[in-house]
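Sequence and computational prediction follow.
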Amino acid sequence: MDDILCESRTVNKTLAIINTLDLKYTYPGGTAPSLVDVSLTIGKGDYVILTGPSGCGKTTLCRCLNGLIPHFYSGKLEGEIEVASLMVPEHSIYELARHVGLVFQNPENQLFALSVEKDVAFGLENLGMPREDMRARVDWALQMTGIYDLRERAPHELSGGQQQRVAIACVLAMKPDIMVLDEPTSFLDPLGAQKIFEVIGDLNKKLGITVILVEHRLDLASEYANHVIVMDEGKVVLDGKPLDVFDSESARLIGVGIPKATRLYQALRQGGVHLDRVPVNSQEATLLLQEVLTRDRG
Amino acid sequence: MSVFEGFRFRRVLSPIHQLDPRAKFFYVCTVFVIAVMFNQLMPLILLFLIQLPFVLAAGVQKEWIRSMKGASFLALMIFLFNFLFTYFYREYPTFPPSSSLMEYSLAMTLRFIVLVESFSIFFLTTSPDRLGLALEQSHIPYEFCFAFTTAVRFVPVLAEEAQTIMDAQKARGLELERGNFIKRIRNYIPILIPLIVSAIRRSLELAEAMESRAWGATNKRTNLYVLKIARGDYILAIISIGMLVLAVYVWLFMREQIPSLIPWITG
């Protein structure tokens, strides 16, 4: 089953923005490798959800994507990794930072300045961008994430959801091709999480930014995704379209938080009711159920 | 810790807040130098009064009074020590022969109060952000300026964390307010260790976030904000220089003629 899924996904290599081949990494002092033979292809403009149990290597993979591994963390990296046509081990983190933006789990620890707009400008200041261009870029990023009104506030006065949107704006201001978000909603309440997913969805749709979202709350997030990767114990175990992955037996066994709508579909199938498609969210499930019900009556 | 209360910045808009931190710092330094030059009561009282308009113009009276109250205990100690020590060591070289013991001790106390006053005005009316910017534009290496603003940024975060750790340790039966002085200090070890460990972890995460946002990409770093020296800053600088010139003149030629105030006070 797993092999079929892996094969079924054929991305044209020329459209790929991230390519890894047999990536293997061990943290310094680690006994077992944290990534084992990870081979992935992610297309330009994709919205990828990366999920799997805690400690399965998701964060490690994120660190590889913007060069924190192997430049910031030493340790042993084997295999090939190419991001935005750059071989990661050969380019410094600040070169990669122009192409790959990384948003971390804890919003508090990635904001350093004393005002929101200064924080958003931090990356651009580091790149030495002229002030007028920077002003325009900062305002644009603040508007895209819907926090323009907060620009003069201090980051520590904001709520977690607002802080995380600031963190996204910080990364967005550098106009990356790829945005990697490492469990951005784990410190947030459901409403704040919903807001974050909307912002990320917008960036993907309107700006064509490739999104890689590490997430456990698949109910909310999977609406936007077109590619799901499941990892377990450092390996990629499932890789394919959301519906195929969620519907597979192994996803359930690993403990992936399969969307409730998909679970309903599976339960109905066991009971002999077949819906036409696999639903991912409740609206879709409602529509499909209505169809089936009217068909049965008629 | 109420002395430090008077140094904590609050976001208010006033002509004093708008001034360039460098101009304000120059003013504070001038006050400092003048306060150290004189050890008679009269000029120090003048120096104290001159600064009151600044406090009023900035609208920070409440915070300023709080910091003055916080300083009062230290001021009292300074008065007592000066009084006792000069009483027993009359040969102390800087002791001016014309003034009395009382006046000298009062002057020393007032000197301290003037210093606290001027520094608290500076910190109450200067946002750490602008202070960091002023440091940067004074050609201090960016790493130091960044360390400064980040330290200020993380004070509330660490304070909150210390509170959480204290609550957690109390919930496990740690009694902080028990035992003698040494015992009480030792009680804080189970709070300090987790706090330090988590601060180190936090700094690692911060470093990761900084690296991810192109830290160190170029030597010619730019800045979103820029401090421009405006008319008010020139005025403040001219006032400071005027005060300094006047003080030097008085110190050189009229030092002996500064009247003692003790007869006035005692009537």
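Looks like it arrived, so ask away.

contacting residues for residue 112?
Looking at chain A here, since you left the chain open. A:Asp119, A:Phe122, B:Phe146, B:Thr149, B:Thr150, B:Arg153, B:Leu206, B:Ala209, B:Met210 (Cβ atoms under 8 Å, 6 or more residues apart in numbering or on different chains). Any C-beta I mention is one placed from the backbone N, CA and C, and that applies to glycine too.

wait, I meant chain B there
Here B:Phe112 is in contact with B:Ala71, B:Leu74, B:Ala75, B:Ile78 (criterion: Cβ under 8 Å, 6+ apart).

so where's the stretch 101-250 of chain B uncertain?
Filtered on pLDDT under 70, the stretch 101-250 of chain B yields no residues whatsoever.

Show me what from it comes close to chain A.
B:127-129, B:132, B:146, B:149-150, B:152-153, B:156-157, B:202, B:205-218, B:220-226 (Cβ under 8 Å from any Cβ of the partner chain).

Closest to A:Leu288 out of the contacts of A:Phe112?
Within these, the smallest distance to A:Leu288 is 42.8 Å, found for B:Ala209 (Cβ to Cβ).

Looks like the closest one contacts A:Asn106 (just checking).
No - B:Ala209 lies out of contact with A:Asn106 (Cβ atoms under 8 Å); the separation is 9.3 Å.

Those two: which is more packed in?
Neighbours per residue, other Cβ atoms under 10 Å in any protein chain shown: of B:Ala209 and A:Asn106, the larger number sits with B:Ala209, 22 against 19.

end-to-end on stretch A:225-244?
13 Å (Cα to Cα, to the nearest Å).

Which of the helices or strands spans A:Arg295?
If you go by DSSP states H and E, A:Arg295 is part of helix A:282-297.

and if you look at A:Gly29?
Here A:Gly29 is assigned to no helix or strand, by DSSP H and E.

B:Ser260 too?
Per DSSP H and E, there is no helix or strand for B:Ser260.

again, but for B:Gly216
Residue-wise, B:Gly216 maps onto no helix or strand under DSSP H and E.

Kindly provide the whole-number mean pLDDT of the longest helix out of those in chain A.
Using DSSP state H to define each element, chain A has its longest helix at helix A:190-207. In this model, helix A:190-207 has an average pLDDT of 92.

For residue 117, which non-adjacent residue is closest in space?
Went with chain A since none was named. A:Arg151 (4.2 Å; Cβ to Cβ, 6 or more residues apart in numbering or on different chains).

hm, I was asking about chain B
B:Gln51 (5.6 Å).

In the stretch 1-150 of chain B, what residue spans correspond to helices?
B:2-5, B:15-18, B:21-37, B:41-50, B:52-58, B:61-88, B:101-124, B:128-137, B:142-171 (DSSP state H, counting those that start in this stretch).

show me where chain A has strands.
With DSSP state E as the criterion, chain A has strands at A:16-26, A:35-43, A:47-51, A:76-83, A:86-87, A:100-103, A:178-182, A:210-214, A:227-232, A:235-240.

ok, B:Leu244 - contacts?
B:Leu244 makes contact with B:Thr30, B:Val33, B:Ile34 under the criterion Cβ under 8 Å, 6+ apart.

Quick check on those: which are buried?
B:Thr30, B:Ile34 (16 or more other Cβ atoms under 10 Å in any protein chain shown).

out of the contacts of B:Leu244, who's near chain A?
Of the contacts of B:Leu244, not one also sits near chain A (Cβ under 8 Å from any Cβ).

Now do the contacts for A:Asp276.
A:Leu288, A:Glu291, A:Val292.

correct me, but the last one touches A:Leu275?
Yes - with contact defined as Cβ under 8 Å, A:Val292 and A:Leu275 form a contacting pair (6.1 Å).

the more surrounded of the two?
Using other Cβ under 10 Å as the criterion, A:Val292 and A:Leu275 rank with A:Leu275 on top: 18 against 15.

Show me the domain layout of chain A.
With domains defined by automatic domain parsing, chain A comprises A:1-99+A:176-248, A:114-174, A:259-298.

Mind checking the ones you listed for the one nearest to B:Ala247?
Nearest to B:Ala247 among the domains of chain A is domain A:114-174 (35.8 Å), distances taken as Cβ to Cβ.

Endpoints of the closest one, how far apart?
Domain A:114-174 end-to-end distance (Cα to Cα) = 20 Å.

Kindly format the C-alpha coordinates of stretch B:20-30 as CSV.
Taking Å, rounded to 0.1, in the frame of the first residue of the first chain, the C-alpha atoms of stretch B:20-30 are listed here in CSV:
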residue,chain,number,x,y,z
ASP,B,20,17.2,62.6,20.6
PRO,B,21,18.7,60.2,23.2
ARG,B,22,22.1,61.5,22.4
ALA,B,23,21.1,65.1,23.3
LYS,B,24,19.5,63.9,26.5
PHE,B,25,22.5,61.9,27.4
PHE,B,26,24.8,64.9,26.9
TYR,B,27,22.5,66.8,29.2
VAL,B,28,22.6,64.1,31.8
CYS,B,29,26.4,64.0,31.6
THR,B,30,26.5,67.8,32.1
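
in it, what counts as buried?
B:Asp20, B:Pro21, B:Arg22, B:Ala23, B:Lys24, B:Phe26, B:Tyr27, B:Val28, B:Thr30.

just to revisit the earlier point, and the residue nearest to B:Glu117, what pLDDT?
So B:Gln51 comes in at 90 (pLDDT).

wait, which of the contacts of B:Leu244 is closest to B:Glu63?
Using Cβ to Cβ, the contacts of B:Leu244 come closest to B:Glu63 at B:Thr30, 22.6 Å.

what's the helix or strand for the closest residue to that closest one other than its chain neighbours?
Spatially, and ignoring its direct neighbours in sequence, B:Thr30 is nearest to B:Ser240 (4.2 Å; Cβ to Cβ, 6+ apart). For B:Ser240, the host element (DSSP H and E) is helix B:231-253.

OK, contacts around the nearest residue to A:Ile18 once chain neighbours are set aside?
Leaving aside its sequence neighbours, A:Ile18 sits nearest to A:Ile42 (Cβ to Cβ, 6+ apart; 4.1 Å). Contacts for A:Ile42 (Cβ under 8 Å, 6+ apart) come out as A:Val11, A:Ala16, A:Ile17, A:Ile18, A:Asn19, A:Val48, A:Thr210, A:Ile212, A:His227.
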